[in-house]
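Colleague: Need a 3D model of the following:
(one chain, ligands or ions: 1)
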Amino acid sequence: MEREKLKALLDDMSLQEKIDQMLQLMGVFYQEDMEGILTGPARNMGVGEEDIRLAGSILGTYGAAKLKKLQKEYMEKQPHHIPMLFMMDVIHGMKTIFPMPLAQGATFEPELSEKCAAAAAKEAAVSGLHVTFSPMVDLVRDARWGRVMESNGEDPYLNSRFAKAQVKGFQGEDMGAPYKVCACVKHFAAYGGAEAGREYNTVELCEHTLRDFYLPSYKAGIDAGAGMVMTSFNTLNGIPASTNKWLMREILRGEMGFDGVLISDFSAILETIAHGHSADEADAAKKALEAGVDIDMMTSVYSANLRKLVEEKAVDEALIDEGVMRILELKNRLGLFENPYKDADEEEEKTVILCREHRNLAREAAGKSFVLLKNEGLLPVDTEKKIAFIGPYTNNHEIISSWAITGDASSCITIEAAAEKVFDRERTTFHPGCPVLGPKEVKGLAGFGDAKPVSVPEEEQEKMLAEAVKAAKEADLVIMPLGEHYLQSGEATSRAMIDLPEVQMRLLREVAKVNENIVVVLFNGRPLDLREVSRLAGSVLEVWFPGTEGGAAIVDALTGKVNPSGKLPMSFPYCVGQVPVHYNAYVTGRPDNMGQVRFRSKYIDIPNEPLYPFGYGLSYTQFEISPVRLDGDAVTAKKALTASVTVKNTGERAGTEVVQLYLQDIAASVVRPLKELKGFRKVELKAGEEKEVTFVIDEPMLRFLRADGTVGSEEGDFSLFIGNSSNTDNQAKFRYEA
Ligand code: GLC
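Modeller: Residues are numbered from 1 along each chain as shown. Next up is the predicted model:
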């Protein structure tokens, strides 16, 4: 529909009709028996029958038949027959679940994430959905925070590359095209900076840190054309994001040029009262509207207050018109005025969902997300050996993360199911060994309803352990699939202790007493304290929550069919006391690289370095990276430098190395990090093969928020590093001359 017609439509709408376009309800509010809804949740929320009739969008419901029916009935009652928007959290897959986003970050392959997002979009679109609340691009540094699993990690450059790729995957070049949905970049802004890693907690960031580290990935998603942005729950420097005019009007819409729909997070506008920023719901409505929030997710703050505020001239109706116009424009970009059902198709649901092509992609992505943390010769395994699989993830379908709410764990391939096809049946056994969680941890999972795991009685646990230890005694090699419960990461799952569940550590210790050949396969949503695991296991393979094809991909990696190439997108701390820990930290005036000296920036009880650093990951083969070569000694505004290395596969088998480029600005008006990731290349090499890898260093790469508040580069010396982890010391020097 042309923009003029949209404007004419807007002008013809009543005030309440416009306000209700800004209301988003759960899909469950639309059902045959409305009586229960009206006297129950609707009444509790202060939402009337008229609001339900006119709400502009819903979240949390999917299915072609269901949404087609809902759309038809809604449009018949909507005074201007405006179509409804259908939104859902399709975070890392719809029914075919891909590796969780932090795992996708470990692939260092944004193009692969783009394919995964496109496949998810196709399954979502045929299921009737128009918008996904993804990608979450929050920078994360604190492993205690449960939502690190939903991010691509601790680095602004890596996160930006993935943000762009995922938006492109979900939306393509035109979100109105078949099998595309609107992407929603979230959570704006800096939700990952929650104090002490505690969920929904305060975020205090100086503008320098906000701009240099936290904002780039949102901007990358917006520059990629994201049609929607979601506000975050947190305050940023004392003002809740959803009523933060500076953040939303000046930064998001002004500097970043975002002109799409800004939706609040779930009840986040109402929560500005609890924050102590809004005096009451009317005040919250006024402040959020003035901040430019277009949709109020699941509260009646807008629908119950804006009309009166306009009538009392406390808010300008033009602000409502502006927000509603953006909502209508989004519906228009999706083509809903011409076809309100878009791609909803019951027949295609049957052929597209969980199709072989998507499963193959899920298996490829999982295999590339695995990070080999340690390998003292036990991997890849010899399938002819006598092998015991011992651990609660041996035959566990729950490997799709807590943020795969449309997925079905029952569709997952378990390790056991995949191993049975490859390992010698006579010489391979499978044992859970213990439950995922002991009673203490189960108790901590309050509020998870019937998803909550049940405790296993003590005597049964002892039987499981005894059987496992017996099997371990008789095996040549023990493979131990261990990990967090999937409900221990994701929203509202902050953990002060980041260890494996005690019941599993006991299993590992008991097995280690009778067999020293242990391979640990780790399922987790966050970096964990792996000191004891790394000490007791000869090999450690990080598999995160790998998704629908997880078991198959893990067996591919265990047997060497796939050679692990993943690199950590987030530092694994030495212990929780070191958190937050991240590679791109500042040097300080007393760096600890001066040996055993007292007055240095260090701990007296642990090292400064994380157990496993950002960018780290081993392979089944070995790579050599030559010293850095530069084609000059200075970068100017007009002249770039080329840096190159030769990478050689010096091992016995093919493999892929992720060659990483880091820069350090030695002295600047604002201190700069010890290293900053500025580029990476995945290099596939056969045994003995070598290739040259080059990076171009230009002036834009050197820019940062300077002391005078402007963004730009400054003359001076730089160090340049090229290696296969952030702790590389393979360096060269150059100058920037303005
Ligand atoms: C949740 C999450 C957000 C999600 C939204 C809708 O609370 O914070 O990421 O998209 O509500 O489910």
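
Colleague: So which bits of this structure are right by the ligand?
Modeller: Residues of the chain lying close to the ligand (Cβ under 6 Å from any ligand atom) are 59, 89, 133, 186, 265-266, 491. C-beta coordinates here come from the backbone N, C-alpha and C atoms, glycine included.

Colleague: at 5 Å what do you get?
Modeller: Residues of the chain lying close to the ligand (Cβ under 5 Å from any ligand atom) are 89, 133, 265-266.

Colleague: Please enumerate the strands of the stretch 51-200 of the chain.
Modeller: 57-59, 85-88, 131-132, 182-188 (DSSP state E, counting those that start in this stretch).

Colleague: just checking, what packs against the lowest-mean-pLDDT helix or strand in the chain?
Modeller: For the chain, counting by mean pLDDT, DSSP states H and E, helix 439-444 ranks last in confidence among helices and strands (a mean of 83). Here helix 439-444 touches helix 502-514, going by 3 or more Cβ pairs under 8 Å, 6 or more residues apart in numbering; DSSP states H and E.

Colleague: in stretch 144-151, what counts as buried?
Modeller: 144-151 (16 or more other Cβ atoms under 10 Å).

Colleague: got it, and stretch 677-686?
Modeller: Neighbour counts over stretch 677-686 (16+ other Cβ under 10 Å) mark 677-683, 685 as buried.

Colleague: between those residues, which is nearest the ligand?
Modeller: L677 (25.8 Å; Cβ to the nearest ligand atom).

Colleague: Just list the residues touching that closest one, thanks.
Modeller: Shown in contact with L677 (Cβ atoms under 8 Å, 6 or more residues apart in numbering): 155, 157-158, 584, 614-615, 660-662, 726.

Colleague: before we move on, the earlier item: got CSV for the strands of the stretch 51-200 of the chain, with mean pLDDT too?
Modeller: Listed next are those as CSV, based on pLDDT from 0 to 100:
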stretch, mean pLDDT
strand 57-59, 98
strand 85-88, 98
strand 131-132, 98
strand 182-188, 98
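
Colleague: roughly how far apart are the residue of the stretch 251-400 of the chain found nearest the ligand and Q24?
Modeller: Closest residue of the stretch 251-400 of the chain to the ligand, Cβ to the nearest ligand atom: F266 (3.7 Å). Noted for F266: a distance of 9 Å to Q24, by Cβ to Cβ, to the nearest Å.

Colleague: before we move on, the earlier item: now, the contacts of L677 that are in strands?
Modeller: Those of the contacts of L677 mapping onto strands are 660-662, per DSSP state E.

Colleague: Can you get me a residue count around the residue in the stretch 1-150 of the chain that the ligand sits nearest to?
Modeller: For the stretch 1-150 of the chain and the ligand, the shortest gap (Cβ to the nearest ligand atom) falls at F133, measuring 3.4 Å. By other Cβ atoms under 10 Å, the residues close to F133 number 23.

Colleague: Contacts only, for it.
Modeller: For F133, the contacting residues are 59, 87-91, 184, 186, 230, by Cβ under 8 Å, 6+ apart.

Colleague: And for A667?
Modeller: Per Cβ under 8 Å, 6+ apart, neighbours of A667: 716-717.

Colleague: which element follows the least confident helix or strand of the chain toward the C-terminus?
Modeller: Downstream of helix 439-444, the next assigned helix or strand under DSSP states H and E is helix 458-474.

Colleague: for that next one, what is the average pLDDT?
Modeller: The pLDDT scores in helix 458-474 average 97.

Colleague: In PDB, could you pull the C-alpha coordinates for that helix?
Modeller: Listed next in PDB are the C-alpha coordinates belonging to helix 458-474 (Å, rounded to 0.1, in the frame of the first residue of the first chain):
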ATOM      1  CA  GLU A 458      19.100 -41.400  46.900                       C
ATOM      2  CA  GLU A 459      19.100 -45.100  46.600                       C
ATOM      3  CA  GLU A 460      18.500 -45.000  42.900                       C
ATOM      4  CA  GLN A 461      21.300 -42.500  42.500                       C
ATOM      5  CA  GLU A 462      23.700 -44.900  44.300                       C
ATOM      6  CA  LYS A 463      22.600 -47.700  42.000                       C
ATOM      7  CA  MET A 464      23.300 -45.500  38.900                       C
ATOM      8  CA  LEU A 465      26.700 -44.600  40.200                       C
ATOM      9  CA  ALA A 466      27.700 -48.200  41.000                       C
ATOM     10  CA  GLU A 467      26.700 -49.300  37.500                       C
ATOM     11  CA  ALA A 468      28.600 -46.500  36.000                       C
ATOM     12  CA  VAL A 469      31.800 -47.100  38.000                       C
ATOM     13  CA  LYS A 470      31.700 -50.800  37.100                       C
ATOM     14  CA  ALA A 471      31.400 -50.000  33.400                       C
ATOM     15  CA  ALA A 472      34.200 -47.500  33.700                       C
ATOM     16  CA  LYS A 473      36.500 -50.100  35.300                       C
ATOM     17  CA  GLU A 474      35.900 -52.400  32.300                       C
END
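
Colleague: Quick one: low-confidence residue ranges for the stretch 501-650 of the chain.
Modeller: By pLDDT under 70, the stretch 501-650 of the chain contains no weakly predicted segment.

Colleague: most neighbours, which of the contacts of F133?
Modeller: The residue in those with the most neighbours, by other Cβ under 10 Å, is V90 (30 neighbours).

Colleague: Excluding chain neighbours, what is closest to it?
Modeller: Spatially, and ignoring its direct neighbours in sequence, V90 is nearest to T132 (4.1 Å; Cβ to Cβ, 6 or more residues apart in numbering).

Colleague: before we move on, back to that, just the contacts of F133 now: which is nearest V324?
Modeller: For the contacts of F133, the minimum distance to V324 (Cβ to Cβ) is 16.7 Å, reached by M87.

Colleague: How about the contacts made by that closest one?
Modeller: Listed by Cβ under 8 Å, 6+ apart, the contact set of M87 reads 24, 57-59, 129-133, 184.

Colleague: Taking the residues of the chain next to the ligand together, which two end up most distant?
Modeller: Of all pairs drawn from the residues of the chain next to the ligand, the greatest distance, 11.2 Å, lies between D89 and D265 (Cβ to Cβ).

Colleague: show me where the stretch 351-500 of the chain has strands.
Modeller: 371-375, 387-390, 428-431, 477-483.

Colleague: T235: how many residues sit nearby?
Modeller: 21.

Colleague: OK, contacts around it?
Modeller: Applying Cβ under 8 Å, 6+ apart to T235 gives the contacts 202-203, 241, 275, 277.

Colleague: List buried residues within these.
Modeller: So, by 16+ other Cβ under 10 Å, the buried ones in the contacts of T235 are 203, 241, 275, 277.

Colleague: hang on, the earlier thing: go ahead and build a ChimeraX selection from the buried members of the contacts of M87.
Modeller: Selecting just the buried residues from these in ChimeraX takes one command, with 16+ other Cβ under 10 Å as the test:
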select :24,57,58,59,129,130,131,132,133,184
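
Colleague: Just send the contacts of M87 back as TSV, with distance to L445 too.
Modeller: Shown next, in TSV, are the contacts of M87 (distance: Cβ to Cβ, whole Å):
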residue	distance to L445
Q24	28
S57	31
I58	28
L59	24
L129	29
H130	33
V131	30
T132	26
F133	23
C184	28
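
Colleague: Which one of the contacts of M87 is nearest to N44?
Modeller: Nearest to N44 out of the contacts of M87 is Q24 (Cβ to Cβ; 16.4 Å).

Colleague: Can you give me the buried ones in the host helix or strand of the closest one?
Modeller: Using DSSP H and E, Q24 maps to strand 23-26. Residues of strand 23-26 classed as buried: 23-26 (neighbour count, 16+ other Cβ under 10 Å).
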